[in-house]
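Novice: sharing a model that was predicted from the sequence below.
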Amino acid sequence: MKKLINEPEAVVDEMLEGMVAAHPELRRLEGTEVVVRDDAPVEGKVGLVSGGGSGHEPTHAGYIGDGMLDGAAAGEVFTSPTADQLSEMIQACDGGDGVFCVVKNYEGDVMNFETAVEMAEMEADTDVEYVVVDDDVAVEDSLYTSGRRGVCGTIFVHKVAGAMAASGGDIAEIKRVAEKTNERVGTMGMALTSCVTPDKGEPTFDLGEDEIELGIGIHGEPGTERTEIMSADEITEHLTEAVLEDLDLESGSEVATIVNGMGGTPLMELYVVNRRLQELLDDRGLDTWDAWVGDYMTSLDMMGCSITVLELDDELKDLLAAPAETPGLTVTE
């Protein structure tokens with residue numbers, strides 16, 4: 001498979017070099033795969049950080065900036081960052097008011113973040129809290145998780161927690177709104193094709209020309225059902241029904257949605273999916289307050305999409321509407 005890379009083992013390092021070169025408002029901690037705001041640590045606010053395996057861009061470093069993250073750590077492709085790097089990131093983003101971590105529910109991420117929190121608390125007396133995001137409604141347990149996987153709903157958690165931090169909220173308030181968002185959000189994804197990792201150069205799983213995979217994760221792990229190819233409307237209906245069944249929303253509820261591309265899907269096709277998603281929500285008596293369409297949490301070059309629905313209240317609407325300026329997401333007043 002063709003890839004626009006040099007040596008596979010250098011791809012993460014070179015990606016981060018290129019990202020920082022494109023965005024002077026970011027800087028890389030020397031000798032690490034950690035990227036932070038150029039002005040980190042920011043005094044007078046709680047630091048907000050995240051991290052995980054590379055290959056999901058713009059997640060995670062793409063959401064560093066005003067109103068969202070202060071730092072992000074990049075592991076190797078589909079591999080958690082080490083606890084040492086996560087601890088260094090936490091300490092680099094502590095401006096004196098503590099640090100809050102947004103962690104996707106994968107065993108490596110959770111284990112390494114927990115170790116990093118202990119290290120930061122002991123080494124620098126940093127006050128640290130975290131949330132483990134588990135928004136994937138497809139599976140209860142998977143190859144890499146105990147419990148549900150953390151997927152694209154994580155971006156809503158970044159936005160809400162980031163707005164609370166930017167407004168001066170303390171670490172307890174940030175934890176509260178992050179947990180509330182996690183409790184109210186659901187996601188399900190699908191794949192038209194597998195992804196191809198730089199080191200292997202071949203698909204991570206076999207999928208026939210006339211097959212699709214429903215309920216996939218973001219690391220190329222298999223889904224819940226393999227079936228013959230369906231129309232865009234049929235796929236959208238399957239994903240949406242699964243998410244809405246999990247959320248059990250009352251008619252009249254307001255929601256925010258994400259139609260997320262997995263890295264190899266044209267924007268044209270994502271808008272086709274969004275068209276049917278909004279029709280289905282309207283049929284259920286649900287009011288879409290905001291709809292995001294694009295690549296937010298990808299799986300390298302996988303063709304496919306995921307659908308995320310977040311149940312809103314006035315507080316969450318205010319936090320989602322708050323300004324943010326990052327490489328991967330900008331919200332203006």
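Specialist: Yes, it's here. Numbers count the residues shown, from 1 in each chain.
Novice: in the sheet, who's paired with Val128?
Specialist: Beta-bridge pairing of Val128 under DSSP bridges involves Val99.
Novice: for it, give me its contacts.
Specialist: Contact analysis of Val128 by Cβ atoms under 8 Å, 6 or more residues apart in numbering lists 90, 98-101, 117, 120-121. C-beta: built from backbone N, CA, C; applies to glycine.
Novice: save these as TSV, and put in pLDDT and distance to Gly65 too.
Specialist: Converted to TSV, the contacts of Val128 look like this (pLDDT from 0 to 100; distance: Cβ to Cβ, whole Å):
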residue	pLDDT	distance to Gly65
Ile90	98	18
Gly98	98	20
Val99	98	17
Phe100	98	16
Cys101	98	17
Val117	97	23
Ala120	96	22
Glu121	94	26
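Novice: what about the closest residue to Gly95 other than its chain neighbours, neighbour count?
Specialist: Distances taken as Cβ to Cβ, 6 or more residues apart in numbering put Pro41 closest to Gly95, at 3.8 Å, once the chain neighbours are dropped. When neighbours are defined as other Cβ atoms under 10 Å, Pro41 has 18 of them.
Novice: residue contacts, Pro41?
Specialist: 47, 70, 92-96.
Novice: buried only: go through the residues you listed for me.
Specialist: Buried members of the contacts of Pro41, counted by 16 or more other Cβ atoms under 10 Å: 47, 70, 92-95.
Novice: surely Ser194 touches Thr204?
Specialist: Yes. Taking contacts as Cβ atoms under 8 Å, Ser194 lies within contact range of Thr204: 5.2 Å.
Novice: overlap in contacts of these two?
Specialist: With Cβ under 8 Å, 6+ apart as the test, Ser194 and Thr204 both reach Gly220.
Novice: who has more neighbours, those two?
Specialist: A side-by-side neighbour count of Ser194 and Thr204, using other Cβ under 10 Å, places Ser194 first with 22 against 18.
Novice: just the helices in the stretch 201-333 of the chain please.
Specialist: In the stretch 201-333 of the chain, the helices defined using DSSP state H, counting those that start in this stretch lie at 232-247, 267-283, 314-321.
Novice: so which elements touch the shortest one?
Specialist: Applying 3 or more Cβ pairs under 8 Å, 6 or more residues apart in numbering; DSSP states H and E, one finds that helix 314-321 makes contact with helix 153-166, helix 171-184, strand 254-261.
Novice: do the same with the longest one
Specialist: Judged by 3+ Cβ pairs under 8 Å, 6+ apart, the packing partners of helix 267-283 are helix 232-247, strand 254-261, strand 287-294, strand 304-311.
Novice: could the ones you listed be laid out in a markdown table, adding mean pLDDT?
Specialist: Below are those laid out as a markdown table (pLDDT from 0 to 100):
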| stretch | mean pLDDT |
| --- | --- |
| helix 232-247 | 98 |
| strand 254-261 | 98 |
| strand 287-294 | 98 |
| strand 304-311 | 98 |
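Novice: looking at the ones you listed, which is nearest to Ala10?
Specialist: Among those, the nearest to Ala10 by Cβ to Cβ is strand 254-261 (25.9 Å).
Novice: mind listing what that closest one pairs with, with the direction of each?
Specialist: strand 287-294 (parallel), strand 304-311 (antiparallel).
Novice: okay, those, which one's buried deepest?
Specialist: Among the strands paired with strand 254-261, ranked by average contacts under mean count of other Cβ atoms under 10 Å, first place goes to strand 304-311 (a mean of 27).
Novice: what angle sits between it and helix 267-283?
Specialist: Going by axes from the mean of the first three to the mean of the last three Cα atoms, to 10 degrees, strand 304-311 is angled at 30 degrees with respect to helix 267-283.
Novice: picking up where we left off before, TSV for the helices and strands packed on helix 267-283, including distance to Ile64?
Specialist: As requested, these are exported to TSV (distance: least, Cβ to Cβ, whole Å):
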stretch	distance to Ile64
helix 232-247	28
strand 254-261	19
strand 287-294	18
strand 304-311	21
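Novice: low-scoring stretches of this structure, by residue?
Specialist: Where the chain drops to pLDDT under 70, the residues are 142-145.
Novice: can we see that at 80?
Specialist: Applying pLDDT under 80 to the chain flags residues 1, 141-146, 220, 222.
Novice: out of the buried ones among the contacts of Pro41, which are inside helices?
Specialist: Ala92 (DSSP state H).
Novice: kind regards, and thank you for your time.
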